[in-house]
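Okay, predicted coordinates and the sequence, questions at the end:
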Amino acid sequence: MAKKITSREENYSQWYLDVIEAAQLADSSPVRGCMIIRPHGYAIWENIQKELDRMFKETGVKNAYFPLFIPKSFLEKEAKHAEGFAKEVAIVTHHRLKLGENGKLIPDAPLEEPLIVRPTSETIMYDTFSRWIQSYRDLPLLINQWCNVVRWELRTRPFLRTMEFLWQEGHTVHATKKEADEETLAMLEIYRKFTEEYLAVPVAVGYKTESEKFAGADYTTCIEAMMQDTKALQAGTSHMLGQNFAKSFEVKFLDEKGESQYAWQTSWGLSTRIIGALIMAHSDDKGLVLPPKIAPIQTVIVPIWGEKEEERNNIFEAADKIAEELKKIGLSVEMDKRDARPGAKFFEWEKKGVPVRIEIGPKDLEANSIIAVRRDTGEKETVAMADAEKRIPELLEAIQKNLFEKALEFRKENTHAVNSWEEFVSHIPEAKRGEAEDAKTGRGGFLLAHWCGKAECEAEIKKRTKATIRCVPFDQPGEEGKCVLCGGASKKRVIFAKAY
RNA sequence: CGGAGCGUAGUAUAGUGGUAGUACGAGUGGUUUGGGACCAUUUAGUCCGAGUUCGAUUCUCGGCGCUCCGACCA
């Protein structure tokens, strides 16, 4: 029997920290809520970067880098943006330390203007963009930046909400509103495609409500995923900024008639939070389950040998040959020749989420075959050595497909159309200390319900159930209905869910 | 910053007002190797401080630490 790592029911976040061997620094630490990512977790991030970067570049986006520090005056320029981020920024006020009498270092030399550690880079980038852009010939400007940002959150959760996180933020500038609208949706589509096709995590796409949109945007679009505990996770956002920042930062251009115009802008981001989504969407009690397209190791080969040295050498030779063949067709292969028992190795690679394990032992060598084991289903099959380079990619493809379908099926099972308040609250999970007022014993999930569009109703529902509007989905058909709370008129259902 | 709970070996856990156990891990020697090996052996622990007591790991108070929950959050 496999040893369970830690029960998901008891403590979800501890469980996935265990499987990925990552850590969040404790609350008592001065850098509480920051995270440490070990090599195996970081390798996943590198693969995410690689694929996203490729997709961005196909649309003409170029990478650049801007300063970590933002002058306070920059953040003040766009009023809504300033208001939205003021509560959660780290501020640099000094630029030197002096040695005190007791050996303690004391901040010295205050800065004339405090610097904000970027919570996002709109302001510092657009100040520069205003100088880069002169005429319509300079547009569109399509810039992306891979960096870290800091948001001083009161309560953190590993990967899902950390004080410092890694992300990419894209910023584009356009001559027309239409072009910017299209860009906003095009980038969201890249996020959807990436998340579904590479991470095998199905997502709902739609608009954020006014109360949930990005501070300073005209509107925000998002992808929302469902985790295995039925809670929702915002996995990526794409914002139409309109001319809000253009007006604050003087991002102007001369059009074909020689007239000065404010530009239209978008920004879009996806962070290390997506690793949390990946872990929580697929993993089981044996550990991580990684979709083949993003797994740092796609196949691990575990040779099994007896006591005879000659036999061992023969097995190693055959294993090396298989590894070479698989590497030649582009797979990432790990060879595990360590002197340990096979069972111990199996468990270790399962915990790390490697999609396919290959076993080669004396019996297999004799039969000129190998054993291939799928991580998602645990199924074992015998494959002729000559067929390995054909069969292993097939298995990887099947795993990728199966993971997505399983997650999609789970989401379907936990999505409910509800038509009354009684029905709505019947799906809200049982109340714990200090939780939702109207909670019953439901399983949660996505609730498709009518909503009148008023922020007061949205807030009241949140207060009573802890469920928020995750998005106003693009693909919901128009349908006359009544707001689930106040009975006001509604033309479309929205997705309510408890969120991370 | 509030509310609750918990502090026993590297980790996970028992137990007791009088000698602190077990498992895993780690070290050594040997036998092993197709699902977390076995035998022998070694290793290491009651968060800190004060009080009650002949005696405190246990009871009381204070501190510190950790976890969970809440406020905050695109």
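Great, that's in hand.

quick one: is the host helix or strand of A:Glu183 near RNA strand B?
Secondary structure from DSSP states H and E places A:Glu183 in helix A:177-197. No - residues of helix A:177-197 are not located near RNA strand B by CB under 7 Å from any atom of the strand, the shortest gap being 13.4 Å. Heads up, the C-betas are built off the backbone N, CA and C, glycines and all.

So for that helix, what gets flagged as buried?
Using 16 or more other CB atoms under 10 Å as the test for burial, helix A:177-197 gives A:179-181, A:183-185, A:187-188, A:190-192, A:194-196.

So which elements touch that helix?
helix A:39-58, strand A:164-174, strand A:203-207, strand A:219-226, strand A:232-242, strand A:264-271 (3 or more CB pairs under 8 Å, 6 or more residues apart in numbering; DSSP states H and E).

can you give me the strands in the stretch 351-500 of chain A?
Remark: strands assigned in the stretch 351-500 of chain A by DSSP state E, counting those that start in this stretch are A:356-360, A:369-374, A:380-384, A:415-417, A:446-450, A:468-473, A:481-482, A:489-490, A:493-497.

Kindly reformat these as JSON lines containing mean neighbour count, distance to RNA strand B and mean pLDDT.
Shown next, in JSON lines, are those (neighbours: other CB atoms under 10 Å; distance: least, CB to the nearest atom of the strand, whole Å; pLDDT from 0 to 100):
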{"stretch": "strand A:356-360", "mean neighbour count": "23", "distance to RNA strand B": "4", "mean pLDDT": "97"}
{"stretch": "strand A:369-374", "mean neighbour count": "20", "distance to RNA strand B": "4", "mean pLDDT": "97"}
{"stretch": "strand A:380-384", "mean neighbour count": "13", "distance to RNA strand B": "7", "mean pLDDT": "97"}
{"stretch": "strand A:415-417", "mean neighbour count": "15", "distance to RNA strand B": "21", "mean pLDDT": "95"}
{"stretch": "strand A:446-450", "mean neighbour count": "25", "distance to RNA strand B": "17", "mean pLDDT": "96"}
{"stretch": "strand A:468-473", "mean neighbour count": "22", "distance to RNA strand B": "9", "mean pLDDT": "95"}
{"stretch": "strand A:481-482", "mean neighbour count": "17", "distance to RNA strand B": "25", "mean pLDDT": "94"}
{"stretch": "strand A:489-490", "mean neighbour count": "16", "distance to RNA strand B": "22", "mean pLDDT": "95"}
{"stretch": "strand A:493-497", "mean neighbour count": "24", "distance to RNA strand B": "13", "mean pLDDT": "95"}
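
which non-adjacent residue is nearest the residue in the stretch 301-450 of chain A that RNA strand B sits nearest to?
With CB to the nearest atom of the strand, the shortest gap between the stretch 301-450 of chain A and RNA strand B falls at A:Gly361, namely 2.1 Å. Of all residues not flanking A:Gly361 in the chain, A:Ile304 sits nearest, at 3.6 Å (CB to CB, 6 or more residues apart in numbering).

My guess is A:Met335 contacts A:Glu324. True?
No - the criterion here is CB atoms under 8 Å, and A:Met335 misses it with A:Glu324 at 10.1 Å.

More neighbours: the two, which one.
Legend: neighbour count by other CB atoms under 10 Å for A:Met335 and A:Glu324, higher for A:Met335 (16 against 11).

Domain-wise, how is chain A divided?
Structural domains assigned to chain A are A:12-282, A:299-395, A:415-497, following automatic domain parsing.
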